[in-house]
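# just coords:
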């Protein structure tokens, strides 16, 4: 392989992976993940299918009174998913400010305030909840980045109120943020007034229509899913954290898609009828089983191919990696086998996940398997994840088993080739 | 001595940390070893001697080096094979070697 081109690729990927604003966006999403998962689980529990004769939802309603039990999950939803745009605005601004070593809390609060200023007011004086959630995601991201940049410039340009020595730190800091906060919020206020007067629309509608909706439409297609899969694994092949590097681009596009599914599932639509096939949980549960590269299948392939030689290096790596692999952590096998820069493993490591993306897409598009209606922690083991992610359907598990079997079969010839190469190299060494 | 291992979520390196601690114990070394995500590194700078970076986030090397080397902290990417095979002893040796060089 051309090592100069490779170096260049690693360098570029590295630069993207550590670019300040992209990192802030990614970490902003990472920070709110626990809330998202709780919100998603609340919906899942509210709509859990009867397990044989036992219907959990009916049982709980029998105890608490019809509809009261669901109110618990519903209010969790309102505090998490329903205000995702607001939450992420705060956490992106916080992270970006932190990366500049300026007051993250102040930047986050100002960005949050600015976000609410832009939200259209409903006829009866409430906030339009639609825009507080995932539909307002892109406005939130842009606002958080712009506000924090302004905040940083104002702070570093010393446009702040100086406090005499001896004043407590907390007080000093809140006064330091005062002038930047005033200027930024006045600016946002003017912007909002101009939008109302001249465009007669909110910025939310504009951004949603020209950026967010088209991107989401693209994201929910098979080619896009294949591209995401391909890029992720190409990066991992070079030993770079693929999911991490493309995360800042993936999350804003794919979160609204799963939110739409969840929201409809919440209001009683079946998991077969919800609109979006390609979501992040779709990839996590049906493709990245055991981690990127569906490496749990690779581990099984190693155990199948190498049965006798207990001390074979491949087998040892597989044994070491297996426990963590069940929870989708696979760095040991990626670096230990290794998969990184190993020409024998390049083909299956990329081909397997891309193939599984296609089979999963077909299985769901043809209605054999329900769509994804839950966000799970990425460490949820396969089989369990297939059941939960489809809203409690064993068809999800069947798809996972089918995909696993296919992946094992695809990996086996390459494991055999790898073993042969290893033997030949050892022969030479002797 | 304080050693910090950095990866994206602090999960995969935590397995390695466990092995390194076992090795350190068997050698009667007094070492504080921890795995953290990169974003938390800022909060751990006090008394820090060595930062080892997981190979999957090796693109952070430049940034972390620029940040910490002026403060006298040794920074290096973990040897890839040793990382993959979870060889706690080798990675611990790597960290110890870094500190010795730093003291010359």
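Structure received. If you're wondering where the values come from, they're calculated on a predicted model, not measured in any experiment.

# Give me the neighbour count for residue B:46.
The number of residues packed near residue B:46 is 6, by other CB atoms under 10 Å in any protein chain shown. (Glycine included, C-beta is placed from N, CA and C.)

# That one and chain A: what is the separation?
16 Å (CB to the nearest CB, to the nearest Å).

# So that residue: helix, strand or coil?
Using DSSP: H, G, I helix; E, B strand; the rest coil, the structure places residue B:46 in coil.

# repeat for the one 5 residues further on
When states are read from three-state DSSP, the local structure at residue B:51 comes out as strand.

# And the helix or strand of chain B with the lowest mean pLDDT, how far out from the chain middle?
In chain B, no helix or strand scores lower on mean pLDDT, DSSP states H and E than helix B:88-103, which sits at a mean of 80. Averaging C-alpha positions (CA atoms, centre = their mean, to the nearest Å) puts helix B:88-103 9 Å from its chain's average.

# for stretch B:24-42, same thing?
That offset, for stretch B:24-42, works out to 7 Å (CA atoms, centre = their mean).

# right, is it up against chain A?
Yes. Residues of stretch B:24-42 contacting chain A under CB under 8 Å from any CB of the partner chain: B:39, B:42.

# which residues touch that stretch?
A:27, A:95, A:98, B:1-11, B:13-14, B:16-17, B:20-21, B:44, B:51, B:57, B:60, B:64, B:67, B:92 (CB atoms under 8 Å, 6 or more residues apart in numbering or on different chains).

# Would you mind giving me the confidence score for residue 64?
Defaulting to chain A. On pLDDT, residue A:64 comes in at 75.

# sorry, should have said chain B
Residue B:64 is given a pLDDT of 87.

# Can you tell me the SS state at residue B:35?
Under three-state DSSP, residue B:35 comes out as strand.

# Tell me the pLDDT of it.
So residue B:35 comes in at 89 (pLDDT).

# State the number of residues packed around it.
Residue B:35 - counted by other CB under 10 Å - has 22 other residues nearby.

# What's the separation between it and residue A:364?
To residue A:364, residue B:35 is 37 Å away according to CB to CB, to the nearest Å.

# what does residue A:335 give?
33 Å.

# sorry, back to before: drop anything exposed from the contacts of stretch B:24-42.
A:27, A:95, A:98, B:2-11, B:13-14, B:16-17, B:20-21, B:51, B:57, B:60, B:64, B:67, B:92 (16 or more other CB atoms under 10 Å in any protein chain shown).

# Show me those residues that map onto strands.
B:2, B:3, B:4, B:5, B:6, B:7, B:51 (DSSP state E).

# Isn't the fifth one up against residue B:14?
No. No contact is recorded between residue B:6 and residue B:14 when judged using CB atoms under 8 Å, the distance being 11.4 Å.

# picking up where we left off before, wait, which of the ones in strands among the buried ones among the contacts of stretch B:24-42 is closest to residue A:404?
Relative to residue A:404, the closest of these is residue B:7; by CB to CB it sits at 26.5 Å.

# So what's the residue count around residue A:36?
20.

# Tell me the predicted confidence for it.
88.

# my guess is it contacts residue A:81, does it?
Yes. The criterion here is CB under 8 Å, and residue A:36 meets it with residue A:81 at 6.6 Å.

# For chain B, list the residues in contact with chain A, please.
So chain B meets chain A at B:7-8, B:11-12, B:15, B:39, B:42, B:54-60, B:63, B:80-81, B:83-86 (CB under 8 Å from any CB).

# Of those residues, keep whichever come out buried.
Buried among the residues of chain B next to chain A by 16+ other CB under 10 Å: B:7-8, B:11-12, B:15, B:39, B:54-60, B:63, B:80-81, B:83-86.

# Now intersect the residues you listed with the helices, please.
B:12, B:15, B:63, B:80, B:81, B:83, B:84 (DSSP state H).

# Any chance of JSON lines for those, columns distance to residue A:136?
Converted to JSON lines, those look like this (distance: CB to CB, whole Å):
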{"residue": "B:12", "distance to residue A:136": "34"}
{"residue": "B:15", "distance to residue A:136": "39"}
{"residue": "B:63", "distance to residue A:136": "32"}
{"residue": "B:80", "distance to residue A:136": "42"}
{"residue": "B:81", "distance to residue A:136": "47"}
{"residue": "B:83", "distance to residue A:136": "41"}
{"residue": "B:84", "distance to residue A:136": "42"}
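
# and which of those is nearest to chain A?
Nearest to chain A among those, counting by CB to the nearest CB, is residue B:84 at 2.5 Å.

# Report the contact partners of that closest one.
A:317, A:331, A:332, A:333, A:334, A:335, A:336, A:337, A:338.
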